[in-house]
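Student: no FASTA, just this:
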């Protein structure tokens, strides 16, 4: 059993300030349940296939769904990253995450705010946008449907690729006192000067995306709920980069 418990006592101490308080009946052991949640997300399992050592799969799923809806996993990542980030230089990029039919096949119900899933040349996808520090560690995420432009939500961010090369975007950055490091599109008549040495470092955010996709429930979206799927991204980022 001990071989499957990923979280150490030290890690649990760092997570404890972000855990909701238990009201009434004491909840099942946090270390065991959170370790089971990590195991399922990392390996892309169905909840019913979680090893018995983690307890009831219903307990794992109920905790996962309840804490996701409460924004707990997002707060954990925000809290831990705020204490350790090096944001003198920040980078922005986006990647596609494949949407499984279980996430995209059902019709929207009335009042449903929608699931950010859209059709691209590669099929049904969710696009994950990320901001990282200079070491490629994620600071924040936001999701859109796959076909949405990379500009979405990016007006206050620093570093991007040619997909972010537009005059209005550069102007918005400079108005905020941010110096952009973005190469010009090939269609531009006049070349744009930028720090090529700094730009080469942006491969760190690409490496970060690759590591996130090692978690199978991140690389492939099985969850219809965008809140639950977003929690899987935040959990993976927390475990790999901030815990």
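Tutor: Sure, I can see it. Predicted model only: the values in this text are computed from it and were never measured.
Student: how's this structure carved up into domains?
Tutor: 2-70, 86-221 (automatic domain parsing).
Student: which of those domains has the lowest mean pLDDT?
Tutor: Least confidently modelled of the domains of the chain is domain 86-221, at a mean of 74 by mean pLDDT.
Student: residues touching residue 101, list them.
Tutor: If a contact means Cβ atoms under 8 Å, 6 or more residues apart in numbering, then residue 101 has residue 124 as its contacts. C-betas here are computed from N, CA, C, even on glycine.
Student: host element of residue 140?
Tutor: Using DSSP states H and E, the element containing residue 140 is strand 138-145.
Student: what residues sit buried inside that strand?
Tutor: 138, 139, 140, 141, 143, 144, 145 (16 or more other Cβ atoms under 10 Å).
Student: gap between the third one and residue 81?
Tutor: Between residue 140 and residue 81 the distance is 8 Å, computed by Cβ to Cβ, to the nearest Å.
Student: and the last one, by the same measure?
Tutor: Distance, residue 145 to residue 81, using Cβ to Cβ: 26 Å.
Student: equivalent analysis for residue 59, please.
Tutor: For residue 59 relative to residue 81 (Cβ to Cβ), the value is 28 Å.
Student: between these two, which has more neighbouring residues?
Tutor: A direct count of neighbours by other Cβ atoms under 10 Å for residue 59 and residue 81 places residue 81 higher, at 21 against 18.
Student: quick one: contacts for that one?
Tutor: 137, 138, 139, 241, 242.
Student: likewise for residue 120?
Tutor: Contacts of residue 120 (Cβ under 8 Å, 6+ apart): 96, 146, 147.
Student: what are the phi and psi angles of the first one?
Tutor: Put plainly, it is residue 96. Phi and psi for residue 96, reported as degrees, to the nearest 10, are phi -100, psi 140.
Student: show me where the chain has helices.
Tutor: In the chain, the segments counted as helices under DSSP state H are 9-15, 30-43, 57-69, 72-84, 101-104, 167-175, 196-200, 203-212, 216-219, 226-237.
Student: residue 50 touches residue 60, doesn't it?
Tutor: Yes: counting by Cβ atoms under 8 Å, residue 60 is a contact partner of residue 50 at 5.6 Å.
Student: can you list residues touching both of the two?
Tutor: In contact with both residue 50 and residue 60: 36, 40, using Cβ under 8 Å, 6+ apart.
Student: relative to residue 236, how far out is the residue lying closest to residue 95 once chain neighbours are set aside?
Tutor: In space, and not counting its chain neighbours, residue 95 is closest to residue 209: 4.5 Å by Cβ to Cβ, 6 or more residues apart in numbering. Counting by Cβ to Cβ, the gap from residue 209 to residue 236 is 11 Å.
Student: neighbour-wise, which of these two wins?
Tutor: Remark: of residue 209 and residue 236, residue 236 carries more neighbours, 24 against 20, as counted by other Cβ under 10 Å.
Student: might you report the residue contacts of that one?
Tutor: Contacts of residue 236 by Cβ under 8 Å, 6+ apart are 41, 42, 212, 215, 218.
Student: just give me the neighbour total for residue 215.
Tutor: Residue 215, neighbours per other Cβ under 10 Å, totals 21.
Student: what is residue 132 paired to in the beta sheet?
Tutor: residue 91, residue 138 (DSSP bridges).
Student: distance check, the residue nearest to residue 95 against residue 13.
Tutor: Residue 209 is 29 Å from residue 13, by Cβ to Cβ.
Student: same deal with residue 233?
Tutor: Per Cβ to Cβ, residue 233 is found 24 Å from residue 13.
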